[in-house]
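Visitor: Generate a structure from the sequence data that follows.
(chains A and B)
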Amino acid sequence: MSQNAPLALELRHVTKVFGNIVANDDVEMDLRRGEVLAILGENGSGKTTLMNMISGIYHPDSGEIFIGGEHVTIASPKDAFHHGIGMVHQHFKLVDLFTATENIVLGIKKEKFNIKKSAEKVAAIAERYGFVLDPNKKIYEMSVSEKQTVEIIKVLYRGADILILDEPTAVLTPQETEKLFNVIRRMRDDGKSIMIITHKLHEVMAISDRVAVLRKGKHIATVETASTTVNELTEMMVGQRVSLNIKREKLENTEDRLTVSNLNLVSYEGVKILDDVSFTAKSGEILGIAGVAGSGQRELLEIIAGLQSPTDGEIRYLDPQTRQNVDLRSKTPMQIRDLGVRLSFVPEDRLGMGLVGNMDIIDNMMLRSYRKGKTVFVDRQPPKALADKIIDSLQVVTPSAKTAVRKLSGGNVQKVLVGREIAAAPTVLMAAYPVRGLDINSSYMIYNLLNEQKENGVAVIFVGEDLDVLLELCDRILVVCAGRVTGILDGRTAKKEEVGLLMTKAKGGDDHGE
Amino acid sequence: MANEPAVRHAKEREPLVTISRRKNMPFWTRMCIRVGAGLVALILCGVITILVTGDNPFSIYYTMFLGAFGTADDIWFTFQNVVMLLGVAVALTPAFRMKFWNTGGEGQVLIGALATAMCMLSLGGKLSEGSLIAVTLVASLLSGALWGFIPALFKAQFKTNETLFTLMMNYVAIYLIKFFIELTDQSGSHTVGPSLLSHGWLPSLFGKPYLLNILVIGVLTVFMYVYLNYSKHGYEISVVGESENTARYIGINVKKVIIRTMILSGAICGLVGFLLVAGTSHSIDENIAEGRGFTAIMVSWLAKFDPLVMVVTSLLIVFMQRGADKISTNFDINSSFADILTGIIIFFIIGCEFFINYELHFRKKSAKEVQ
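Guide: Numbers count the residues shown, from 1 in each chain, chains lettered A, B, ... in the order given. Coordinates of the predicted model:
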């Protein structure tokens, strides 16, 4: 691409603040005509906020946006369309019962409604850029990749010159990804400017002309793809290591507690969510799981906890008392408990899965224990005692134990959940993003609780997103990328860049540009 | 905010009224709002009465009261109506707590009534009265349970829409009753009356025809209150209703809970059908449920799914229906007028809940000055 191509979009000093969190801090970025710009960054680095500001969903607190050299105010998605900006979201916004064409023309007021003509225009756009799409096919009959095609044609139909694609490859098979990249190249050659958000470094290397790296809301640099390497990008993405002073004991006489071998999960759409995952969680150890959000962590934990069934693979548990080897695969949570396996699980969705928001703390304590007792009635005395104990020992701020948990603040909700799961005296404790959204003090309280459990000989599995925390808390770190285990590292010696690299190393480890 | 361009204010002007959820309102304030809403409704009804009919509103209210509680017979009859409505409401409530919108109460009552009538007709005289009653009771419970089970099974297995499914099951029950009447009734009166259903009548306690019904439903209401609030099943129902994900997470079998709860819901509706036919009317036609399957939805919602509060809400609704009937006969006004008054009162009673749950903020003048 020409280095001196005219600029399609410029961001100058763009800042966006939510409460006391700075999502974007003085971002300077530009997008040339006829180029593919990859936006790279970890979870929470501010990519989505930035894209939302360009597409009119948010408005910057300060800073300016120029399109084609002209200062513009984008106050709504409609304004964005007016300026030729089209965003393709990760989650499709389509009407299932309508055809491709009907979805594409939906909401366009300017032109006369003529579905036949529109279908011809859709077919012409598809032809021009090499999409494969039947304009008269209904959405519910389509594969994920076809739905994505409809979304992309929708913005092209409206005359977008700047396309923003939010993790377009996350839902695609490798073959579909290759097709998408061909289409993107054709659009670029036609003079369109494309911003693509992705976590997969080899895709960045394959498709982009330039890469903009964001970290903790700041724009670190924009570099030419041809003159950079995967290692350099990773370093820019993860940054310097920060010391957090989290305590970490090294325990002797640990033993294998939970062994997962060759676990596979294939989605309804045929996408591999988990691809041959194998690992062992040991007693008296915190096993960290690092990976970009949506790399299969949630499904992995849900399969172990018995909420989903794997396509194939094995899960075995060594009972510390009976010394028996128990098969956990495809057992329901109740069957797992009946086998005497004390497995606790702090899920990512606290109020939607771990707790019932509208119930009070006592009734939420009872979730794990309500079946106890021989009568048909529930006994609220033990859960009440437990609720009082947890409120007291974990300093939960609440008017009383009879307060609905949805009225508590995020940190207190998490204390209630973690407290309950630990009270079950687990031998395996799984926690998914247990400190997400928590303030520093609550976060450290959770780290301490996990450490306490580890010292009691529990096998702890910790799914985290902050690499600094993972590196200081965990004894071993399992890194996943797109459903595959890309490495198991020693938490005491692993380097941050090393983890970052493994997190973005997709299929076959085909590291381009090295 | 200071750095934002002024254009934005023009586009996103603060709306005239914004609505926000209230945090906590003391019990007494809530009661005051409800009573106040009732008073406003009565005043509005009075104004409309004077404008439309020219009658004295107080004499109309007094007549309403007489309609429901005028004589001892009126009182018994009012309470019979209250418990029948309450019975259906209590039956629907476990399903509603599970957020399974059972709109098929009507059909479940009707099918229970039909099963009762069929047993009384075909087995009457062949069994002793006691065993006939027992067989009839079981048949009505089972048929109601079946009418609850079918939509529950489809919901659990195929995620069908339970509202439409249960609604359509009502029509199946109605036409089955019509078919039954066609087969048995030779007189052309479109009912099957006491002359044919002459066996298997429930005894009347102390000579009071409705007392048994009142006692049965009374016990049932207390049972349901305890079942929902203190039993393991009731707890499971609440968890499934609040969050299916949480239910899966702790290992509740969601399908089983849906089916079990709907069987219970349908069976109690079937029991109400049994009480209606064997206990009081000793006849059957497709109107025997009198729309209680639908009115009960309102009773249950108004009581926020608390069976004990439903005693009050069903009494309120029956009182207004009976009173409305009375004024349309006594004042010789079109019966629709009574419905209008009932409608106004219910509108205010339900409407005031909005002000209990939400707070209105009107736009302040300062917002205008910014422009």
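Visitor: which residue sits closest to the residue sitting nearest the centre point of chain A in space, ignoring its chain neighbours?
Guide: Geometric centre of chain A, nearest residue: A:A293, 2.4 Å, by CA atoms, centre = their mean. Closest residue to A:A293 apart from its sequence neighbours, by CB to CB, 6 or more residues apart in numbering or on different chains: A:N43 at 5.0 Å. Every C-beta, even on glycine, is put in place using the N, C-alpha and C of the backbone.
Visitor: Would you report the backbone torsion angles of the one you found?
Guide: A:N43 adopts backbone torsions of phi -60, psi 140, taken as degrees, to the nearest 10.
Visitor: wait, it sits on A:E465?
Guide: Yes. Using CB atoms under 8 Å, A:N43 makes contact with A:E465 at a distance of 5.1 Å.
Visitor: Give me the common contacts of these two.
Guide: Common contact partners of A:N43 and A:E465 (CB atoms under 8 Å, 6 or more residues apart in numbering or on different chains): A:A293.
Visitor: where does the residue of chain A positioned farthest from its centre land on pLDDT?
Guide: The C-alpha centroid of chain A is most remote from A:T375, which lies 43.5 Å away (CA atoms, centre = their mean). At A:T375, the pLDDT value in this model is 85.
Visitor: and it, what is it in contact with?
Guide: Contact partners of A:T375, counting by CB under 8 Å, 6+ apart, are absent.
Visitor: now do B:G36
Guide: Neighbour list for B:G36: B:C352 [criterion: CB under 8 Å, 6+ apart].
Visitor: which SS state does it fall under?
Guide: helix (DSSP: H, G, I helix; E, B strand; the rest coil).
Visitor: what residues does chain A put near chain B?
Guide: Within chain A, the positions lying close to chain B (CB under 8 Å from any CB of the partner chain) are A:59, A:61-62, A:73, A:75-76, A:305-307, A:332-337, A:345, A:347, A:349, A:352-359, A:363, A:366-368, A:370-371, A:376-378.
Visitor: SS state for the residue farthest from the centre of chain A?
Guide: Classification of A:T375 using three-state DSSP returns coil.
Visitor: Kindly provide the distance from it to B:K256.
Guide: Distance of A:T375 to B:K256, computed by CB to CB, to the nearest Å: 20 Å.
Visitor: same check, this time on B:D339
Guide: To B:K256, B:D339 is 43 Å away according to CB to CB.
Visitor: and the residue nearest to the centre of chain A, that's in a strand?
Guide: No. Per three-state DSSP, A:A293 lies outside any strand segment and is coil.
Visitor: so what's the residue positioned nearest the centre of chain B up against?
Guide: The geometric centre of chain B, computed from its C-alpha atoms, lies nearest to B:A296 (CA atoms, centre = their mean), at 0.5 Å. Residues in contact with B:A296 (CB under 8 Å, 6+ apart) are B:85, B:88-89, B:91-92, B:105, B:314.
Visitor: Mind putting these into CSV with pLDDT, secondary structure and neighbour count?
Guide: Shown next, in CSV, are the contacts of B:A296 (pLDDT from 0 to 100; DSSP: H, G, I helix; E, B strand; the rest coil; neighbours: other CB atoms under 10 Å in any protein chain shown):
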residue, pLDDT, secondary structure, neighbour count
B:L85, 94, helix, 27
B:V88, 95, helix, 31
B:A89, 95, helix, 33
B:A91, 95, helix, 29
B:L92, 95, helix, 30
B:G105, 92, helix, 33
B:S314, 92, helix, 30
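Visitor: contacting residues around the residue in the stretch 151-300 of chain B positioned nearest to chain A?
Guide: For the stretch 151-300 of chain B and chain A, the shortest gap (CB to the nearest CB) falls at B:G251, measuring 3.3 Å. For B:G251, the contacting residues are A:306, A:332-337, by CB under 8 Å, 6+ apart.
Visitor: can you pick the most crowded of these?
Guide: Neighbour counts for these (other CB atoms under 10 Å in any protein chain shown) peak at A:G306, which has 24 neighbours.
Visitor: and it, what are its phi and psi?
Guide: Dihedral angles (degrees, to the nearest 10) for A:G306: phi 90, psi 20.
Visitor: swap in the one 3 residues further on?
Guide: The main-chain torsion angles of A:S309 are listed as degrees, to the nearest 10 and equal phi -110, psi 140.
Visitor: now it, nearest residue through space, not along the chain?
Guide: Spatial nearest neighbour of A:S309, excluding adjacent residues (CB to CB, 6+ apart): A:S330 at 4.5 Å.
Visitor: hang on, the earlier thing: which ones among the residues of chain A next to chain B lie within strands?
Guide: Counting by DSSP state E, the part of the residues of chain A next to chain B found in strands is A:62, A:345.
Visitor: Buried ones among the residues of chain A next to chain B?
Guide: Buried subset of these (neighbour count, 16 or more other CB atoms under 10 Å in any protein chain shown): A:59, A:61, A:73, A:75, A:305-307, A:332-333, A:336-337, A:345, A:347, A:352-359, A:363, A:366-368, A:370, A:377-378.
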